[in-house]
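**Student:** here's a sequence, model it:
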Amino acid sequence: MRWNQGRSQVDRLIADGELQRVPANREHADQLLVQARKDLASAELLLDANPKRAYESIYDAARMALTAVLENEGLRPTSRGGHIAPYAAVSAQLDPPMGATLRPFDRMRRTRNRSEYPSFTTPDVTPENVRADLPVATSIVEVCEGVLDQMSPF
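**Tutor:** Sure, this is the predicted structure:
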């Protein structure tokens, strides 16, 4: 069965060179989700000692989960699409009904970028930031795990 929700947006991301077609690969998608779960666990261990690294781990977990959905469909972000293309493609396909769960990813992306490329006016990532967004990233991973069996190759 062909997944049609968000198809025009995904087609546009492909045409713009932000996504590319690759062979659909459920095994790789599953591997990405295993790594995402490991990153979530690492973040819990690091959140007090190294909150910046912990935040990067929760962000990476969410990003890998979104990428897993694409890998399962036979799509992959290009360097041009970067980290935003997986979010744009998956949210186009799953919002509604899962937009409220996925939407915080973009805010997390901006927080991670500010910590990765700080300025003197940018506050450091704190353990509280990690504690607040760890359940958010976990929810994104869970949503992505939950849709793999329902989404066919693009």
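
**Student:** flag the shaky bits of the protein, pLDDT-wise.
**Tutor:** 1 (pLDDT under 70).

**Student:** quick one: the strands in it?
**Tutor:** With DSSP state E as the criterion, the chain has strands at 19-21, 75-77.

**Student:** output the contacting helices and strands for the first one.
**Tutor:** Pointing back at strand 19-21 there. Judged by 3 or more Cβ pairs under 8 Å, 6 or more residues apart in numbering; DSSP states H and E, the packing partners of strand 19-21 are helix 7-15, strand 75-77. For glycine as for every other residue, the C-beta is placed from the backbone atoms N, C-alpha and C.

**Student:** list the contacts of the longest one.
**Tutor:** Outside of helix 7-15, the residues that reach it under the criterion Cβ atoms under 8 Å, 6 or more residues apart in numbering are Leu19, Gln20, Arg21, Leu75, Gly81, Ala85, Ala88, Ala89, Ala92, Gln93, Phe154.

**Student:** also stretch 70-86?
**Tutor:** 3, 10, 13-14, 16-26, 28-29, 32, 63, 66-67, 69, 88-90, 106, 109, 148, 151-154.

**Student:** show the buried residues in those residues.
**Tutor:** Among those, those scoring as buried are 3, 10, 13-14, 18-20, 24-25, 28-29, 32, 63, 66-67, 69, 88-90, 109, 148, 151, 154 (criterion: 16 or more other Cβ atoms under 10 Å).

**Student:** so where's the longest helix in this protein?
**Tutor:** helix 51-73 (DSSP state H).

**Student:** residue contacts, Phe154?
**Tutor:** Trp3, Arg7, Val10, Arg21, Ala24, Glu73, Gly74, Leu75.

**Student:** excluding chain neighbours, what is closest to it?
**Tutor:** Spatial nearest neighbour of Phe154, excluding adjacent residues (Cβ to Cβ, 6 or more residues apart in numbering): Glu73 at 4.2 Å.

**Student:** contacts only, for the residue nearest the centre of the chain.
**Tutor:** Residue closest to the mean C-alpha point of the chain, counted by Cα atoms, centre = their mean, is Arg63 at 2.4 Å. Applying Cβ under 8 Å, 6+ apart to Arg63 gives the contacts His83, Pro86, Tyr87, Phe105, Arg109.
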